[in-house]
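Chemist: coords please:
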Amino acid sequence: MIDKFLDKEYLKYGNNKQRKSHEILNDYKVFNTLEKYNPILAGTIPIDIDINKSDLDIVCEVNDFVKFMEILENNFSKYENFKIRYMEEECIAVCNFEIENIEIYASKIKSYRSNAYRHMLIEYRILNLLGLDFKNKIIQLKRSRLKTEQAFAELLNIKGNPYDK
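Modeler: The predicted model follows:
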């Protein structure tokens with residue numbers, strides 16, 4: 001596991017988008033609000049392959065979804081386009097709102113074992129192995145409307161559903 005991603009403080013020293021993300025998370029107390037749910041920022045912003053439309057994807061570990069959704073409602077419903085989706089059979093909640101397009105994923109899985117976090121770590125390793133040209137191709141494919149996992153699968157010639165890998 002790459003521990004640097006477990007604490008959002010690394011964002012303070014990153015690129016402009018990462019520093020802005022750190023500022024947003026602090027100014028709006030997003031991680032403070034979610035602290036007992038072990039929030040981790042996952043996705044493209046931490047590994048510097050984000051595009052203009054990229055969300056701040058936060059994964060959380062939740063056992064009491066009713067309480068968690070109350071916390072989301074009480075703290076974030078005042079922001080534009082707030083919505084929560086809950087899929088009971090999967091025990092997953094997804095919350096979106098627009099401070100800077102924040103998306104919060106909650107499941108009973110430990111945050112650092114979530115697919116979003118694990119995929120990010122694997123993508124980070126691949127980017128480090130294959131270098132800047134590969135990274136630029138990923139970003140180009142994302143700009144042409146592919147999702148991150150799809151872009152990696154295409155460039156690495158991985159067949160099947162990239163979200164199952």
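Chemist: which one's the longest helix in this protein?
Modeler: Scanning the chain for the helix with the most residues, using DSSP state H, yields helix 115-143.
Chemist: what residues are up against C60?
Modeler: L34, Y37, N38, P39, F68, I104, Y105, A106, S107, S111 (CB atoms under 8 Å, 6 or more residues apart in numbering). The way it works is simple: take the backbone N, C-alpha and C, and place the C-beta from them, glycine included.
Chemist: Just the buried ones from the residues you listed?
Modeler: Neighbour-count burial (16 or more other CB atoms under 10 Å) is assigned, among the contacts of C60, to L34, Y37, P39, F68, I104, Y105, A106, S107, S111.
Chemist: And the helices in the protein, which stretches?
Modeler: Using DSSP H, helices in the chain cover 16-27, 30-34, 65-76, 115-143, 148-156.
Chemist: list the buried ones in the one helix or strand in the chain whose mean pLDDT sits lowest?
Modeler: Here the helix or strand of the chain ranked lowest by mean pLDDT, DSSP states H and E is strand 92-98, holding a mean of 72. Buried residues in strand 92-98, counted by 16+ other CB under 10 Å: I92, A93, C95, N96, F97.
Chemist: same question, stretch 158-165
Modeler: Here stretch 158-165 shows P162 as buried, counting by 16+ other CB under 10 Å.
Chemist: Report the central residue of the protein.
Modeler: Residue closest to the mean C-alpha point of the chain, counted by CA atoms, centre = their mean, is D57 at 2.5 Å.
Chemist: wouldn't that residue be in contact with I40 here?
Modeler: No: using CB atoms under 8 Å, D57 is not in contact with I40; the gap is 9.2 Å.
Chemist: Next up, the contacts around A42.
Modeler: For A42, counting by CB under 8 Å, 6+ apart, the contacting residues are F5, D57, I58, V59, S114, A116, Y117, H119, M120.
Chemist: L121 versus the second one, what's the distance?
Modeler: Remark: distance between D57 and L121 (CB to CB, to the nearest Å) = 14 Å.
Chemist: repeat for the fourth one
Modeler: Going from V59 to L121 by CB to CB gives 12 Å.
Chemist: These two: which is more packed in?
Modeler: V59 (28 against 16; other CB atoms under 10 Å).
Chemist: count of residues packed around the closest residue to the more buried one other than its chain neighbours?
Modeler: Leaving out its chain neighbours, the residue that sits closest to V59 by CB to CB, 6 or more residues apart in numbering is S114, at 4.4 Å. S114 has 20 neighbouring residues, counting by other CB under 10 Å.
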